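> how does the following fold in three dimensions:
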Amino acid sequence: MTTDLVLLAILMGAATYPSRAIPLLAPGVERLPPRVIEYLRLVGPAVLAALAATGTMLVVDDARRATFHVGIEWLAVGACLVLVRWRHNLFVGLLAAVAITAVARAIGLA
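Sure thing, here's the model as predicted:
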């Protein structure tokens, strides 16, 4: 197991934090134009979707080359998307995706 991407995750969190913190820190944010509020509301899900897509579709080998990958992760992300859309609850979708992936790895499918 390698921790190469931990610093990248911290940097990405720092890069996206300001747009996620604006509604918490700015007084009168509810008076912003509706398009701006909608944009700010969708930043978090967009970042999660980008991370899920990259982690699902690409595998990096020892030579640090990314290759296209199809595996159980696609099913997990698809189930997550369906559950989030159906239940309107991100936690339920993420929990299902983690469970699918963990079970698949435990029985040797992934």
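> the nearest residue to residue 32 once chain neighbours are set aside: what's it in contact with?
Spatial nearest neighbour of residue 32, excluding adjacent residues (C-beta to C-beta, 6 or more residues apart in numbering): residue 40 at 7.9 Å. For every residue, glycine as well, the C-beta is placed using N, CA and C. Residue 40 makes contact with 19, 20, 22, 23, 29, 32, according to C-beta atoms under 8 Å, 6 or more residues apart in numbering.
> so the fifth one sits against residue 22, correct?
The one in question is residue 29. Yes. Applying C-beta atoms under 8 Å, one finds residue 29 in contact with residue 22, separated by 6.3 Å.
> next up, the contacts around residue 87.
residue 93.
> roughly how far does it sit from residue 79?
In this structure, residue 87 and residue 79 are 12 Å apart, going by C-beta to C-beta, to the nearest Å.
> for those two, list the residues in contact with both.
Residues touching both residue 87 and residue 79 (C-beta under 8 Å, 6+ apart) are residue 93.
> ok so, going back, which strand or helix spans the residue nearest to residue 32?
Assigned by DSSP states H and E, residue 40 belongs to helix 34-57.
> check the offset of that helix from the chain's centre.
Once both centres are worked out by C-alpha atoms, centre = their mean, to the nearest Å, helix 34-57 turns out to sit 8 Å from its chain's centre.
> so for that helix, mean pLDDT?
Averaging pLDDT along helix 34-57 yields 81.
> over to stretch 3-11?
Averaging pLDDT along stretch 3-11 gives 85.
> number of residues surrounding the closest residue to residue 30 other than its chain neighbours?
Sequence neighbours aside, residue 37 is the residue nearest to residue 30 in space, at 7.5 Å (criterion: C-beta to C-beta, 6+ apart). Applying the criterion other C-beta atoms under 10 Å, we find 15 residues in the vicinity of residue 37.
> how about the one 10 residues further on?
By the criterion of other C-beta under 10 Å, residue 47 has 16 neighbours.
> now do the residue nearest to residue 32 against residue 86, distance only.
For residue 40, the distance to residue 86 under the criterion C-beta to C-beta works out to 25 Å.
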